[in-house]
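1. have a look at this fold, sequence not included:
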């Protein structure tokens, strides 16, 4: 286990390590006096690593299954990998937050009217407009605005794990507006 050498290196540098699952604090002295404690920690490391690998495989399998359904045209909920204005899926159709859609369109309109990303962000903050992700105390920045203006999700595009699907989400900005 690669973690064993790192663990021993940390202990040998005089650092005490708390092992919460065993309710113990390990250091050079405790391991020297009772080497079995080191063995128990290593068993715990191995168990945790195996559990992590199992969860990772399950998660990847679920995502791969969803991607296959999406490639076949089914509207699938991808949680955080979806645009912030998509808030659900029902009866094979995405549910949009119309307030957020209006906000996105407003940002594009301001930009097309000649406002800079910095100016748009500044005015959004002055008017205390919540961010698209509605993060408490979130602020708009010029890079947030610029990122939105480049985000192909407004055209309905979706990409995940190297798979790209056009016309997956409802298009909320025209191709012409996006390209300007």
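-> Done, it's in. Treat the numbers as computed from the prediction; the structure is a model and nothing was measured. Residues are numbered from 1 along each chain as shown.

2. now stretch 71-88: how far from the chain's centre is it?
-> 14 Å (C-alpha atoms, centre = their mean, to the nearest Å).

3. buried residues in stretch 153-166?
-> Buried residues in stretch 153-166, counted by 16 or more other C-beta atoms under 10 Å: 153-158. (Glycine included, C-beta is placed from N, CA and C.)

4. and the residue of the chain most remote from its centre, how far is that from residue 117?
-> In the chain, counting by C-alpha atoms, centre = their mean, residue 33 sits farthest out from the average C-alpha position, at 44.8 Å. Per C-beta to C-beta, to the nearest Å, residue 33 is found 62 Å from residue 117.

5. after the helix or strand of the chain with the lowest mean pLDDT, next one along is what?
-> Lowest by mean pLDDT, DSSP states H and E among the helices and strands of the chain is helix 2-12, with a mean of 85. Using DSSP states H and E, the next helix or strand after helix 2-12 towards the C-terminus is strand 17-19.

6. paired strands for the next helix or strand after that following strand, with orientation please.
-> Next along the chain after strand 17-19, taking DSSP H and E as the criterion, comes strand 24-26. Sheet pairing of strand 24-26 (DSSP bridges) gives strand 17-19 (antiparallel).

7. contacts for the partner strand?
-> Strand 17-19 has contacts (C-beta atoms under 8 Å, 6 or more residues apart in numbering) with 7, 10-11, 24-27, 41, 44.

8. again, but for stretch 40-56
-> 1, 3-4, 7, 19, 21-22, 26.
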